[in-house]
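Enquirer: Dropping a prediction and its sequence here:
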Amino acid sequence: MGSVIGGKNNVKIFVLYLMENINYPLTFNTINDIVRQTDYVFYMDFAVYFLEMVDDGLIVEEELEGQKVYIVSDKGRLVARELKSNILPSILDQSLRYALRYLDFKRREVEMRCNTEKLHDGRYRVNCSLIEKGTVIYSNSLVVDTNERAQHMVDIFNDHPEAIYRGVVALLSGSVDYLLGT
């Protein structure tokens, strides 16, 4: 296995760091989703090493409202704090920001929709929207020249809807600080 973040230890440190900083119980699927907000860790690496972390006592499994959830143990917190210097701080910071944005959208139960349609002139329309509790909070259509470009835009929207939403709000409100990552 060979995630972008590095080997087995770096994957474990990365997961522990995110979980420690989020600091509340999460399901396996939610942890997978937050880890995958960036492409630093491959799914198979995450799945195998996550089970090892549970077996090693770095992560504790609990039951909350009839659902299995996981939290970082004291031992896991110590590992995350002491060994996080093995990973570039910019990678950890970026990944934590993406994870927190993702969790905010998930907690608010924001539904995302994005599709393409072929137009009569051979171009493609990309339609994207975000719906929160039945209210459309974001909607946008854009016409592009190729199906490949349209599909790429759908993929980007589906991977990072919260970043796109935040960026559009910043642009329309006259604030472009999001471009600088602040």
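Expert: Looks like it arrived, so ask away.
Enquirer: Only C-alpha atoms from now on, for both contacts and neighbour counts.
Expert: Will do.
Enquirer: Please tell me how far the nearest residue to residue 123 once chain neighbours are set aside sits from residue 124.
Expert: In this structure, residue 123 finds its nearest non-sequential neighbour in residue 145, 4.8 Å apart by Cα to Cα, 6 or more residues apart in numbering. Remark: distance between residue 145 and residue 124 (Cα to Cα, to the nearest Å) = 6 Å.
Enquirer: Could you do residue 6 as well?
Expert: On the measure of Cα to Cα, residue 6 and residue 124 end up 39 Å apart.
Enquirer: who has more neighbours, residue 145 and residue 124?
Expert: Set residue 145 next to residue 124 and count neighbours by other Cα atoms under 10 Å: residue 124 wins out with 21 against 13.
Enquirer: number of nearby residues for the nearest residue in space to the more buried one that is not next to it in sequence?
Expert: Residue nearest to residue 124 in three dimensions, not counting chain neighbours: residue 118, with 4.5 Å by Cα to Cα, 6+ apart. Other residues lying near residue 118 total 16 when counted by other Cα under 10 Å.
Enquirer: Now do the contacts for residue 136.
Expert: Shown in contact with residue 136 (Cα atoms under 8 Å, 6 or more residues apart in numbering): 129-130.
Enquirer: on contacts alone, who are the packing partners of the helix or strand containing residue 34?
Expert: Residue 34 is part of helix 28-35, with elements assigned from DSSP states H and E. If contacts are counted by 3 or more Cα pairs under 8 Å, 6 or more residues apart in numbering; DSSP states H and E, helix 28-35 sits against helix 8-22, strand 67-72, helix 89-107.
Enquirer: Fine, thanks again, bye for now.
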